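**Student:** Output the structure for:
(one chain, ligands or ions: 1)
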Amino acid sequence: MTQPTIKVNDDELEYEVARRRTFAIISHPDAGKTTLTEKLLLYAGAVELAGSVRARKNQHHATADWMEMEQQRGISITTAALQFDCRGYRINLLDTPGHQDFSEDTYRTLMVTDSAVMVLDSAKGIEPQTRKLFQVCRLRRTPILTFINKLDRPGREPLALLDEIEQELGIGSVPMNWPIGNGPSFKGVYDLAKQQVLLFERTHHGQHRAPVQVHDLYDPQLAILVGQDEYQQLVDEIELLAAAGSSFSEEAFLTGNITPVFFGSAINNFGLEPFLQTLLDLAPAPGPRMSSDGLIEPTSPGFTGQIFKIQANMDPQHRDRVAFLRVCSGRFEKDMQLYHSRLKRKVRITRAYRFFAREREIVEEAYPGDVVGLANPGLFNIGDTLCDGKVIRFEDIPRFTPEHFCLLHNRHIAKYKQFNKGIEQLEEEGATQVLYFTDSLRKEPVLAAVGELQFDVVVARLNSEYGVDVSTERLPFTCARWVECNLEKLSDIIWPSRSKLARDREGRLVALFSSDWEVNFCLEKNPGLILKELG
Ligand code: GDP
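**Tutor:** The predicted structure is shown next:
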């Protein structure tokens, strides 16, 4: 087989990279992430897609049970990317499940995003899941824009919200617009840079009035437009902000030191247009990524990409596994032969897809920032690098220590083959790990997960996708540690009485503990023993 010759015109690559915007939306469940996504699609002109986002939440005809579970719980379990064009930009919106039990998937997605939008509920401020996801973005210094939602409802004081962002998250917050009134008296927002007022109108269909140009804060027209009391409050607050000296700096935003903050109401389409425009203006194009060979620039001509998510049975009819690849540099073309850095051999990429909700489309070409789904006959793991030309490896995508454990009982022993295949393929997706106790009393696999809802997902999916009936038995452990010590010393180790030893799929020794106290006890009793949080 001959390798297709790929001619990448430098200008073309540069142009394609410059117009890519790859971002994820993060929030605590119910803050309005789905609504904001839908409205961004609407404003971007990708109207026909708007319904499909909502459909994922409310779908009544999902074929697989676990998809049904997804709608019942009103959460989204799968993470995929939506691609659409807007005003000359090509946007890749990475979908991140909001529920904390699915956070591993979200964390990995955040490893391959170029920027993030953080949605807050104006009445609730920073919630636990927002904090966790923010911290993951912080690790990579990902630029973050903040959208404070639900301004149409009574919420916290805007200054208190800005202060909470700074205090709780440790990032400077710079308002880009300022709300006039609050809840029932909410009148609209004042755009601080453009000195424009955007008036809010409560209508059934969530329309809003066009912006009204005013010349400055002290323009007498403003008091007439918004009412004397609200006007006075606005002036006082803006003067307070000015005294505090916070102003927007693009550099501080791009290095993750400040977040520009917008106030609005996604459900009412209020404040969406200026937010989308600023997002397009400010969100960075794909940047360089760290590899074994130093930073790889997106415009370097050799193709590189990294697998960040694996999903079995995307399409229940085809029963295939899909590995999601983020293109990091160069140009991706259908039928490419690429070097697989972990397997140390070339693989031909024959089937590459782009997904819209449940539809798929063949990808002919893709550029840095794009996400491509590759048919995965067991070839790929999360974190794998594919490249063309110089051999490199991207930094690993971190895993997270499991905190929930259960035994998995196969109720129909005759179906052991399907059972084993199912748990192996679901483990490959990275949301659960399979362990086996070293004492041979219990032969059943132990499932380990970061979130316990994963167990319900595994049970439902094993049933609907592999035809096996299983039950779970919760185990009392709360943490797992990978054991590093000389074999001869192993028998001398003093373990806490309630801990148990197991092996993972690669045969590595894992100790299961019921508390952090037990871990510390074990370390104190056994000098020289190394217990690692991850395998
Ligand atoms: P997600 O869980 O973060 O994806 O949140 P959703 O987008 O599903 O929104 C959660 C709830 O908040 C839904 O009932 C929405 O209709 C509602 N919601 C979203 N945006 C707004 C808003 O601007 N104002 C009000 N009052 N409700 C909103």
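**Student:** buried residues in stretch 232-246?
**Tutor:** 233-234, 237, 241, 246 (16 or more other C-beta atoms under 10 Å). Any C-beta I mention is one placed from the backbone N, CA and C, and that applies to glycine too.
**Student:** Those in helices, which ones?
**Tutor:** 233-234, 237, 241 (DSSP state H).
**Student:** Near the ligand, which residues of the stretch 51-200 of the chain? Just list them.
**Tutor:** 98, 149-150, 152-153 (C-beta under 6 Å from any ligand atom).
**Student:** Quick check: which element contains residue 239?
**Tutor:** Here residue 239 sits within helix 228-244, counting by DSSP states H and E.
**Student:** returning to what we had before: which of the buried residues of stretch 232-246 sits closest to residue 511?
**Tutor:** residue 246 (48.5 Å; C-beta to C-beta).
**Student:** so who does that closest one touch?
**Tutor:** Contact partners of residue 246, counting by C-beta atoms under 8 Å, 6 or more residues apart in numbering, are 172-175, 258.
**Student:** please redo it, this time with the cut-off set to 10 Å
**Tutor:** 162, 166, 172-175, 258, 261 (C-beta atoms under 10 Å, 6 or more residues apart in numbering).
**Student:** Go through the residues you listed and say which is closest to the ligand.
**Tutor:** residue 261 (15.5 Å; C-beta to the nearest ligand atom).
**Student:** How many neighbouring residues does the closest one have?
**Tutor:** Applying other C-beta atoms under 10 Å, we find 23 other residues in the vicinity of residue 261.
**Student:** okay, and for the protein, where does confidence drop off?
**Tutor:** Residue ranges of the chain with pLDDT under 70: 1-10, 47-80, 97-103, 204-207, 313-319, 356-359, 440-442, 487, 535.
**Student:** quick one: the residue of it most remote from its centre from residue 209, how far?
**Tutor:** Of all residues in the chain, residue 220 has its C-alpha farthest from the mean position, at 45.5 Å, by C-alpha atoms, centre = their mean. Noted for residue 220: a distance of 20 Å to residue 209, by C-beta to C-beta, to the nearest Å.
**Student:** So which bits of the stretch 201-350 of the chain are right by the ligand?
**Tutor:** Residues of the stretch 201-350 of the chain lying near the ligand (C-beta under 6 Å from any ligand atom): 265-268.
**Student:** What residues does residue 159 make contact with?
**Tutor:** Here residue 159 is in contact with 175, 178, 237, 240-241, 244 (C-beta under 10 Å, 6+ apart).
**Student:** so it, which of the three states?
**Tutor:** Secondary structure for residue 159, judged by DSSP: H, G, I helix; E, B strand; the rest coil, is helix.
**Student:** for residue 497, same thing?
**Tutor:** coil.
**Student:** before we move on, what about residue 136?
**Tutor:** At residue 136, secondary structure determined by three-state DSSP is helix.
**Student:** Hmm, it is touching residue 118, no?
**Tutor:** No. Counting by C-beta atoms under 10 Å, residue 118 is not a contact partner of residue 136; they are 11.5 Å apart.
**Student:** Among these two, which residue is more densely surrounded?
**Tutor:** When neighbours are counted by other C-beta under 10 Å, residue 118 comes out ahead of the other of residue 136 and residue 118, with 26 against 21.
**Student:** pretty sure that one contacts residue 165?
**Tutor:** Yes. Assessed by C-beta under 10 Å, residue 118 is found in contact with residue 165 at 8.7 Å.
**Student:** shared neighbours, the two?
**Tutor:** Common neighbours of residue 118 and residue 165 (C-beta under 10 Å, 6+ apart) are 126, 130, 134, 144, 146, 148, 171, 259, 261.
**Student:** Show the contacting residues for the first one.
**Tutor:** Put plainly, it is residue 126. 28, 118, 120, 134, 161, 164-165, 167-169.
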